[in-house]
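J.: Next input, structure requested:
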Amino acid sequence: MVKFLNAAVYSYAVTAVVALSALVTGLLLFPAGPVTLLSGTTISMAEGLLRIAICVGYVGAGMAALAAVALALSVFTEVSIGAIAGTMVLIIVCQVLRAIPELDAVAPYLLPTRFTDFDAVLRSPIDVAVLRDGLLAFGAYILLFGSIAWARFSGKDITS
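T.: Numbers count the residues shown, from 1 in each chain. Sure, this is the predicted structure:
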């Protein structure tokens, strides 16, 4: 549990740092003012910052779900690089599967499918249903792979 919580906190921290550095760079290069959304409508700077905070929360949740998958893989190997490599291979395979039109029926169940749905916040109005579905999918992945990790780890001999 501590390993997952560490990874989840790190996921949110890294996402926040990326967003903050992008904001600072944008403010240095462009004048501050109203924000134009992907849908073409304009909102205030304060509402834009709130929407970025929501994006950070959503992306952090997606990265926490990915961390749960990596945690589940890590309990099946003695070498930590194996879990890292396995997670990367899994994400690449999922992306390849999503690119094959004949497998469109499988795509909604693959974790990377929801990663880019944060753009629902950058449109007017915010598509709450897309965000809800994504967060539910992330929660399901965390629950499933967290349970797999817990079941494997609780039966594992950690003294050898």
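J.: how far away is the spatially most central residue of the chain from residue 133?
T.: The residue lying closest to the centre of the chain (Cα atoms, centre = their mean) is residue 62, at 1.8 Å. Using Cβ to Cβ, to the nearest Å, residue 62 is found at 12 Å from residue 133. Using the backbone N, CA and C atoms, a C-beta is placed for each residue, glycine as well.
J.: any shared contact partners between these two?
T.: Applying Cβ atoms under 8 Å, 6 or more residues apart in numbering, one finds that residue 62 and residue 133 are jointly contacted by residue 114.
J.: Confirm that residue 61 lies within a helix, as I assumed.
T.: Yes. Checked against DSSP: H, G, I helix; E, B strand; the rest coil, residue 61 lies within a helix.
J.: Might one say that it is in contact with residue 138?
T.: Yes. Using Cβ atoms under 8 Å, residue 61 is in contact with residue 138, at 4.6 Å.
J.: what bits of this structure have low per-residue confidence?
T.: 156-160 (pLDDT under 70).
J.: Which parts of it are helices?
T.: Using DSSP state H, the helices found in the chain span residues 2-29, 45-74, 80-99, 128-154.
J.: now the longest one and helix 80-99, what's the angle there?
T.: Spelled out, it's helix 45-74. 120 degrees (axes from the mean of the first three to the mean of the last three Cα atoms, to 10 degrees).
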